[in-house]
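> Any chance you could fold what I've pasted below:
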Amino acid sequence: METRQIEAKSILSKSGIGGISYCVNPYVGCSHGCVYCYASFMKRFTGHREPWGSFVDVKVNAPQLLEKQTRKTRDGVIILSSVTDPYQPAEARCRVTRGCLEALAGKPFRVEVLTKSPLVLRDIDLLKTFKNL
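Residues are numbered from 1 along each chain as shown. The predicted model follows:
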């Protein structure tokens with residue numbers, strides 16, 4: 001598994017998904033590599049030559065960017081994540097998704113989490129603090 005740390009320029013994206021205002025993807029790529037994954041088309045935007053499912057880029061500055069970007073953003077629904085699993089194995093050591101949740105805590109956003117990983121249970125304490133989860 002190719003894992004590298006990167007600095008993102010932006011972390012909060014407007015969403016084209018019905019009912020979702022914004023997307024936050026703390027990682028690029030996904031080590032799950034599910035055969036049914038709808039997001040594998042994203043590989044062409046990554047610069048990676050490895051197959052989808054064999055690389056993960058960790059957006060190490062995602063929580064700080066999210067804190068900054070949400071100050072200027074209207075409230076709405078934020079999904080973690082639309083094209084990568086926010087709780088893939090790298091999250092256990094990198095804790096970027098947890099940092100993003102901490103940045104969103106107490107803000108007027110509704111947060112939705114899209115994951116197939118039981119690692120989400122690690123953050124249940126933080127998730128319980130969201131009023132609109």
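> okay, CA-based contacts and neighbour counts for the rest of this
Fine.
> For stretch 45-56, what is the distance to the chain centroid?
17 Å (Cα atoms, centre = their mean, to the nearest Å).
> hmm, who's touching it?
1-4, 27-34, 40, 43, 90 (Cα atoms under 8 Å, 6 or more residues apart in numbering).
> now the protein, which segments are flagged as low pLDDT?
By pLDDT under 70, the low-scoring segments of the chain are 38, 40-41, 43-44, 132-133.
> residue boundaries of the helices in it?
Taking DSSP state H as the test, the helices found in the chain are 62-70, 90-94, 96-104, 124-127.
> helices or strands next to the third one in the packing?
Right, the one you point to is helix 96-104. The contact analysis (3 or more Cα pairs under 8 Å, 6 or more residues apart in numbering; DSSP states H and E) places helix 96-104 against helix 62-70, helix 124-127.
> most packed of those?
Most buried of the helices and strands packed on helix 96-104 by mean neighbour count (mean count of other Cα atoms under 10 Å) is helix 62-70; its value is a mean of 19.
> Tell me how many other residues crowd the residue lying closest to Ala8 once chain neighbours are set aside.
Excluding the flanking residues, the one nearest Ala8 by Cα to Cα, 6 or more residues apart in numbering is Lys59, at 5.7 Å. Number of residues near Lys59 (other Cα atoms under 10 Å) recorded here: 23.
> Contacts only, for Lys59.
So, once contact is read as Cα under 8 Å, 6+ apart, Lys59 ends up touching 5-8, 26-28, 96.
> Now list the buried members of these.
26-28, 96 (16 or more other Cα atoms under 10 Å).
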